Structures are given as C-alpha cells and as structure tokens.
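> Take a look and give me a structure for this.
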Amino acid sequence: STRRTGSMTYGKVARSAVGPSLELVTTAIIFFLVGFILVGLMILNQGIWAPTIMAFISSFKGEQPHPTTTFENTIVLAVLVVIILPFLLKRDLTSLRHICYVGFFSIIILNIAMAYRAVEKNITNAGMFQTNVTWYTSNVADVMNALPIILLAFLCSFNIISVHCNLVDPTRDRVQEV
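Numbering: from 1, shown residues only. Next up, the predicted model:
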C-alpha cells in the first residue's frame, strides 16, 4: 500500500509488493489504459462539442444547422487538444481542481441533447427504439470504437495514488471521504 511504503505511483507500489519486474508491467498497463481513456475522452468531447459549436456558428451566420463534416470534427478536436494540453502537462493535481466543472457542463449538454433527440425521434416513430438499438455487435471496429468510452466511464480512477499523495494527512478515513 502507498501509505506503508511511501510509493507515489502504481509502478512503485508494484515494485514494493512483488519486485522490479512487475513495475515495468504495471507501467505498461497504465500507459495503455490512460491512452485508451484519452482517446475515449477526445471521441466523447468531439461528439459533444463539434455539433454544438457548428450549430452555434451556423445560427450566427443565419444558416440552417447541418451535420458536421469530418473536417469540422477534426478542427474542433484540434482546438480541444490545444485547450486541454496545458492541463495534461501539469505535475500535480492542484491545477485540475476546477476542471470538474467543464466535465459536469459537458455531461449536462450531452444529457439534454440525448433527451431532446429521444423525445423528438420517439414522437415521430414510436417503435424506432426497439427496432434500431444495437444490443450487441460482432464487428470488431464497433467494439474498438466503444472500448475507450467504456474505459473512460468505468476505469477513470487510475490517479487515486496521486490524489492520495496530495492529501494533507492521508489517513484511511480521509481518503475514503474523497
């Protein structure tokens, strides 16, 4: 455990528990996990923000909103990366203390859009949900496209050791309060 050994990374915890060989394996696993999570985050944010920004620009120009093109999606994703990059290069988590508001705002926009589209589509075609939902797939590309989002949703606690190390007096009770 990080409290007993003073380790500040998962690799150091693995080294303390098993030995140096597991430190490399743990680091590689976390590298790929974080990579999938970042890809998932970018796909999710691109899906949320590209249509929103393009609809805003279209309405500002007085045009009818249109489906976003690959070029527009790429531009929005590039701008998102430029905005997020300074936060990704920070050494401690203090700089990210307010980023939860951005995430919460993105989730609110996503929920509003999903509710609006669900009502809109189900009013015009009541049986559409039952006929068009894909419950499972045998297409590997679909699985690989969804995997980063699933990892982002369920495995985003990879930084708990950093949080633990940044706490003042990190007792078991205080860590569980986080």
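> State the three-state secondary structure for Arg91.
Classification of Arg91 by DSSP: H, G, I helix; E, B strand; the rest coil places it in coil.
> Need the nearest residue in space to Leu22, chain neighbours excluded.
Leaving out its chain neighbours, the residue that sits closest to Leu22 by CB to CB, 6 or more residues apart in numbering is Ala14, at 4.2 Å. All C-beta atoms are positioned from the backbone trio N, CA, C, and that covers glycine.
> tally of neighbours for that neighbour?
21 (other CB atoms under 10 Å).
> Surely it and Ala28 touch.
No - counting by CB atoms under 8 Å, Ala14 does not reach Ala28; the two are 11.0 Å apart.
> Give me the buried stretch members for stretch 102-120, please.
Using 16 or more other CB atoms under 10 Å as the test for burial, stretch 102-120 gives Ser106.
> any idea how far Val119 is from Leu80?
Distance, Val119 to Leu80, by CB to CB, to the nearest Å: 28 Å.
> What is the longest helix of this structure by residue count?
What stands out as the longest helix in the chain, according to DSSP state H, is helix 20-61.
> Quick check: Asn45 touching Val81?
No - using CB under 8 Å, Asn45 makes no contact with Val81, being 9.5 Å away.
> Give me the more crowded residue out of those two.
Neighbour tally, Asn45 and Val81, criterion other CB under 10 Å: the higher count belongs to Asn45, 20 against 14.
> show me what contacts that one?
Asn45 makes contact with Leu77, Leu80, Ser106, according to CB atoms under 8 Å, 6 or more residues apart in numbering.
> Strands of this protein, start to end?
For the chain, applying DSSP state E gives no strands.
> Let me know the pLDDT of the residue nearest the centre of it.
Most central in the chain under CA atoms, centre = their mean is Leu41, positioned 3.3 Å from the mean C-alpha point. Looking at Leu41, its pLDDT reads 76.
> for Ala113, same thing?
At Ala113, pLDDT is 83.
> wait, what's in contact with it?
By CB under 8 Å, 6+ apart, the contact set of Ala113 is Ile48, Pro51, Thr52.
> phi, psi of the closest residue to the second one other than its chain neighbours?
To tie it back to what came earlier, the one meant is Pro51. Leaving aside its sequence neighbours, Pro51 sits nearest to Thr68 (CB to CB, 6+ apart; 5.5 Å). The phi/psi pair for Thr68 (degrees, to the nearest 10) reads phi -70, psi 150.
> sorry, back to before: which among the contacts of Asn45 gets closest to Phe32?
Of all the contacts of Asn45, Phe32 sits closest to Leu77, with 21.0 Å by CB to CB.
> any weak-confidence spans in the protein?
Counting by pLDDT under 70, the chain shows low-confidence ranges at 1-8, 92-100, 148-149, 151-168, 170, 174-178.
> 80 - rerun?
For the chain, the stretches with pLDDT under 80 are 1-14, 16-17, 33-45, 84, 87-104, 106-107, 110, 121-135, 145-178.
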